[in-house]
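Engineer: following is a predicted model, sequence given first.
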Amino acid sequence: MMRTVKVGMMPGRLVEVAVEDATNVAQVFEIAGIEIPSGYEVRMDGEKVAMDTIITGNLVVATKMIKGNSSTVKVGMMPGRLVELALQGGESVQDVFALAGIEIPLGYEVRMDGEKVDLSTTVTGNLVVATKLIKGNTHTVKVGTMPGRLVEIAVEGTETIAQVFEIAGIELLSGYELRRDGEKVESHQTVGTCNLIVQSKLIKGNK
């Protein structure tokens, strides 16, 4: 079986990876390409865990701070790739874009959960995007190779699967099959309202 888990440093960027059951904490950090500094502890869904602990939770973070719960926010351009961050609380919109390494172009407006906000606004929502389009709601989809890292991007839903892989910066591999929410699809088909698109050599999900 496949599961997805978010991995990262606190505070900082989170990486979502798709892994097999029985994967441990050390392995998900390795898949995510994250090295844990000396003196950090790892917490899964707020509980302190060892490196050989099997992944059963949704969020695994390495931190110097003792946190029961981590606040997370997704940040990005519309349309485009989203970055998920773990926050300490009190960060402004400008702070989260800086943490995500994203520069907002001139002429763009920022929306938090669909509402227009200023750069000085404290982040209290789940999704912050810079866009030229006035959007009430933004659809997001996770894209990746199985097993491996997932990239979450903001889309309109009319894009093809090939286009979302291009936006995500992921090459479509020969000999791999594409699955949209578990259903086998072709690269020319549209994204629609799905949540997860993966390419895999393994037949996973629903046939």
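Structural biologist: Looks like it came in fine.
Engineer: low-scoring pLDDT stretches of this structure, where are they?
Structural biologist: 65-70, 133-138, 202-207 (pLDDT under 70).
Engineer: what about the helices in it?
Structural biologist: Secondary structure of the chain (DSSP state H): helices at 25-32, 93-100, 161-168.
Engineer: list the buried residues in the second one.
Structural biologist: Taking 16 or more other Cβ atoms under 10 Å as the neighbour-count basis, helix 93-100 is seen to contain the buried residues 93, 95-97, 99-100. The way it works is simple: take the backbone N, C-alpha and C, and place the C-beta from them, glycine included.
Engineer: repeat that for the last one.
Structural biologist: Using 16+ other Cβ under 10 Å as the test for burial, helix 161-168 gives 161, 163-165, 167-168.
Engineer: can you check the first one too?
Structural biologist: Within helix 25-32, the residues that qualify as buried are 25, 27-29, 31-32, counting by 16+ other Cβ under 10 Å.
Engineer: what's the closest of the buried residues of helix 161-168 to residue 182?
Structural biologist: residue 161 (14.1 Å; Cβ to Cβ).
Engineer: the closest one contacts residue 190, correct?
Structural biologist: Yes. Taking Cβ atoms under 8 Å as the definition, residue 161 is a contact partner of residue 190 at 7.5 Å.
Engineer: start to end distance for stretch 151-165?
Structural biologist: The first and final residues of stretch 151-165 sit 9 Å from each other (Cα to Cα, to the nearest Å).
Engineer: rewinding a little: nearest to residue 12, of the buried residues of helix 93-100?
Structural biologist: residue 99 (6.8 Å).
Engineer: which one of the buried residues of helix 161-168 sits closest to residue 116?
Structural biologist: Distances from residue 116 to those, taken by Cβ to Cβ, are shortest for residue 167, at 23.7 Å.
Engineer: now tabulate the buried residues of helix 161-168 in JSON lines and tack on distance to residue 79.
Structural biologist: Output for the buried residues of helix 161-168, formatted as JSON lines (distance: Cβ to Cβ, whole Å):
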{"residue": "161", "distance to residue 79": "14"}
{"residue": "163", "distance to residue 79": "9"}
{"residue": "164", "distance to residue 79": "9"}
{"residue": "165", "distance to residue 79": "13"}
{"residue": "167", "distance to residue 79": "7"}
{"residue": "168", "distance to residue 79": "11"}
